[in-house]
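Asker: got a predicted structure here, sequence first:
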Amino acid sequence: MALRNSGVNPRGFHRSQLKFYIFLIPFAVFMALPIIFIFNHAFKPLDELYAFPPRFFVVNPTFENFRNLYQLAESSGIPLSRYLFNSIFVTVIVVFLSIALSTLAGYALSKKRFVGKKALLEINNTALMFVPIAVMIPRFLTISFIGVEDSYFAHILPLIAMPVGLFLIKQFIDQVPDSLIEAAVIDGASDLKIYWRVILPLIRPAIATAAILAFQLVWNDLETSTLYTTSENMRTLAFFMNTLAAQTNVVVGQGMAAVASLIMFVPNLILFIILQSKVMNTMAHSGLK
């Protein structure tokens, strides 16, 4: 308590912290500039979008770009709300299933003994090195063989398995003391109860991190809408936003592209702001044993 009161590690603001603020605030401002630009860019009228020299801040904000985007979606026969619903529905389902699969597999690979455990771990670690384009053809063949093209299953199935999420969660579960699990077993708890009552509450930071990674993967995904669907009403918001340039002239399309960037970016920003402390905690512990 004496150390905290003396300024070595104060609970609130202390003049000894000024040197950290002087060093960190410029970096924080610099990192925030792209975010500020995205918000300003979406509200710029056409004359400011094409102004020279370019303007960083909007002078006469307008919602015209938003209206143009909405009207374009309506004129195409598929309302913007349909694309939005598809994206939200697919994202929620994939994030939930991905977290469930990663936590269950992470618990088994971390705390259980069985034949082939090391081989499965190596397979998952090897999968981390594959870029999406390397598995594009196998995924397409699998979806075609199952026969779920042009459905929500075509959006969901290819994205459920997330090797990086399993890796982070497994590393976090490794730090859960075996004594807690042994005590639960002595009390008569089943594996499912141990997973639900012991493991999940202790790995919430890792779950939050995996949820963010899964959300970003699905929310920004174009592959499933491009390869596995043919009906426009089954495609996602990311696909629609990515095709704006082909649907509009170059001049008007710039404003709608700016709005599209903002719409696709905001959910990622909000989710990260809410869960950032847990993300940092996960990254700090992911390499520890």
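Answerer: Cool, the structure landed. Numbering: from 1, shown residues only.
Asker: averaged pLDDT, whichever strand or helix holds residue 156. What do you get?
Answerer: Under the criterion of DSSP states H and E, residue 156 resides in helix 152-156. Averaging pLDDT along helix 152-156 yields 93.
Asker: now it: buried residues?
Answerer: Buried residues in helix 152-156, counting neighbours by 16 or more other C-beta atoms under 10 Å, are found at 154-156. The C-beta positions use only the backbone N, C-alpha and C, and glycine is treated the same way.
Asker: following it, which helix or strand shows up next?
Answerer: helix 163-173.
Asker: CA atoms of stretch 255-272 as CSV?
Answerer: C-alpha atoms of stretch 255-272 as CSV (Å, rounded to 0.1, in the frame of the first residue of the first chain):
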residue,chain,number,x,y,z
GLY,A,255,-19.0,8.4,-52.1
MET,A,256,-20.8,5.0,-51.7
ALA,A,257,-17.5,3.2,-51.5
ALA,A,258,-16.6,5.5,-48.6
VAL,A,259,-19.9,4.7,-46.9
ALA,A,260,-19.3,1.0,-47.5
SER,A,261,-15.9,1.2,-45.9
LEU,A,262,-17.4,2.9,-42.8
ILE,A,263,-20.3,0.3,-42.5
MET,A,264,-17.9,-2.6,-42.7
PHE,A,265,-15.4,-1.1,-40.3
VAL,A,266,-17.7,0.2,-37.5
PRO,A,267,-18.8,-3.3,-36.1
ASN,A,268,-15.2,-4.4,-35.9
LEU,A,269,-14.2,-1.2,-34.1
ILE,A,270,-17.1,-1.5,-31.6
LEU,A,271,-16.4,-5.2,-30.9
PHE,A,272,-12.7,-4.5,-30.3
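Asker: and it, average pLDDT?
Answerer: 85.
Asker: strands of the stretch 101-250 of the chain, start to end?
Answerer: Here the stretch 101-250 of the chain has no strands by DSSP state E, counting those that start in this stretch.
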